[in-house]
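*Asks:* Show me the folded form of this:
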Amino acid sequence: MGLFHRNENEVNFAGGSKNVMESIQRTTDTNTLIYLDSRVDFNTNSVITVAPNEQVIFIKNGEFYGTLPPGRHEVKTENYPFLSRLRNMLTGGVSTFSCQVYHVNTSEQNVSWGTSSAIEIQDFFLGGGMIGVPTLIRGAGEFRVRFNILEDDDASKQTFMRLMGDKSTYTSNDLSMLFRAQISQEISDVVGKTLEERSMHRSINAISSQLKDFSKELKPVFDRLFVDYGLELINFSFYNLTIDETEERKKYLDRLIAAAHAGSYDKAVQQELLKDVAVNPGAGGIASAGAGLGMGMAAGNAFSQMATTAFSTSQQPQAPLQPMGFGGQSRFGVNGGQPQQAQHPQNDPMSSLKQMKQMLEEGLITQEIYDAKVAEILSRM
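*Replies:* From the prediction side, this is the model:
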C-alpha cells in the first residue's frame, strides 16, 4: 500500500478517514461478550482505550498477536510488550499496522443452561429392587463465568481462535449452546450414576433435595472444561432437576400403591408377574418370571407354588420368606401347600388414606398422584 493510498477501511474511522491520532475503544453495548472492531488500521499516534472489565485481543494473519488490559494505551510511548513490538514495526518504515481487534467482556456473566435431551437412568426402587424402570430426567440451571484470555496460555489462545472462527460477535446464548452437549454428558455421568445407586435403597422422587450436592460435585469437572476456553468458572448451579412421569413409571407406581394396600410387596410382585406370564404364556414367559424373582434354575418347579402363594387367602401368619434352594423350599412358601380360593380383603378407607399420606411424605409418590388417589378413595366412601 502506498503512503497516500486511501485504505478502504478508513470509512470506519472517526470523520470517515484515518486521523493522525486515532482512538480505538469499545463502541457496542456491554451485553455482547466478544465483538470484532470494524477498524483494522492504526499507527504510532494511535491511542487504544480498554474499558474496565474488558481486554483487547489482537489477531494478525490468523495468529494470536497480543492482548491489552484495561487502561489508556498510547502506541508511541507505552512500554507494554505487545505495543513495543508494534512500535518497532511501525518505526521500521511501515506507516500503518493492520490487524483484527477483538473486545472481550471480562465481567462475570450468568449463562443459562439446559440438558440437550432427556437423560435415561434406571430406577430400581420403583421396580422393587429387582427391575430397573427406565426413567427420564432433565436438568436446567445457570453457570457464572468470566473471560480471562492469557497471552502466555497457548491452550486458551488456540481455543479462542477456534471459538470465534469467522464470527464478528459472541453472545451468552452462543456460550450456552457451545457447552450444552458437554454439560448434558457430565450430568448424565455424575447425576445419573448417583441416582441409580440411590434408587437401590430409597425413592428418587425427592430429587430436588440433592441439587446443591450435585452442583458442588460438578463444579470441579466444569472448571477443567471451561479453563481451556479462557473462561474462569465462578459458580455452577441447578434451577431444577425433574423426572418425566411416563406411562411406564406410572404402571410401576400403581404396583407399589397396590402393594401398600395389600400390605405385602412380595405378594403384589408375584401377582403382577403371573399376569405377565398369563399374557405371554410359554417357557420364555415362565423363565422371565423366575429370573425376575431370583429363582434361577428352579423357576419351573416353583412356578406352581408361586401361584398358590399369590392367590392364597389363609389368615394364619406365614413363615418368613426363604431364599430358593434345591430342597424343595422357595421364598414363596413350602411344597405341598394347596391352592385356596382367593378372597379380596376389604380395604378400610381410613387405613388407605393414612398409607397414601405416608407414601407422599416418604417421597414414594408425587403430590399430583396423591391428590388423584385420595379423590378416588373418597369417591368410594
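*Asks:* which element is Gln182 on?
*Replies:* If you go by DSSP states H and E, Gln182 is part of helix 172-199.
*Asks:* in that helix, what's buried?
*Replies:* Going by neighbour count (16 or more other Cβ atoms under 10 Å), the buried part of helix 172-199 is 172, 175-176, 179, 183-184, 186-188, 191-192, 194-196, 198-199. All C-beta atoms are positioned from the backbone trio N, CA, C, and that covers glycine.
*Asks:* again with stretch 201-212
*Replies:* Applying 16+ other Cβ under 10 Å to stretch 201-212 flags Ser203, Ile204, Asn205, Ile207, Gln210, Leu211 as buried.
*Asks:* circling back: packing partners of the helix or strand following the helix holding Gln182?
*Replies:* The helix or strand immediately downstream of helix 172-199 is helix 211-227, counting by DSSP H and E. Contact partners of helix 211-227 among helices and strands, from 3 or more Cβ pairs under 8 Å, 6 or more residues apart in numbering; DSSP states H and E: strand 133-147, helix 172-199, strand 231-244.
*Asks:* Report the backbone C-alpha coordinates of helix 211-227 in PDB.
*Replies:* The C-alpha atoms that make up helix 211-227 are tabulated as PDB, following Å, rounded to 0.1, in the frame of the first residue of the first chain:
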ATOM      1  CA  LEU A 211     -29.300 -30.100  43.800                       C
ATOM      2  CA  LYS A 212     -26.700 -28.300  46.000                       C
ATOM      3  CA  ASP A 213     -24.700 -31.600  46.300                       C
ATOM      4  CA  PHE A 214     -24.800 -32.200  42.600                       C
ATOM      5  CA  SER A 215     -23.700 -28.600  41.900                       C
ATOM      6  CA  LYS A 216     -20.800 -28.900  44.300                       C
ATOM      7  CA  GLU A 217     -19.700 -32.300  42.800                       C
ATOM      8  CA  LEU A 218     -19.900 -31.000  39.200                       C
ATOM      9  CA  LYS A 219     -18.100 -27.700  39.600                       C
ATOM     10  CA  PRO A 220     -14.500 -29.200  39.600                       C
ATOM     11  CA  VAL A 221     -15.500 -31.100  36.400                       C
ATOM     12  CA  PHE A 222     -16.600 -28.000  34.600                       C
ATOM     13  CA  ASP A 223     -13.600 -26.000  36.000                       C
ATOM     14  CA  ARG A 224     -11.300 -28.100  33.800                       C
ATOM     15  CA  LEU A 225     -13.600 -27.900  30.800                       C
ATOM     16  CA  PHE A 226     -14.100 -24.100  30.900                       C
ATOM     17  CA  VAL A 227     -10.500 -23.100  31.500                       C
END
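*Asks:* tell me the angle it makes with strand 231-244.
*Replies:* In this structure, helix 211-227 runs at an angle of 140 degrees to strand 231-244, with axes from the mean of the first three to the mean of the last three Cα atoms, to 10 degrees as the basis.
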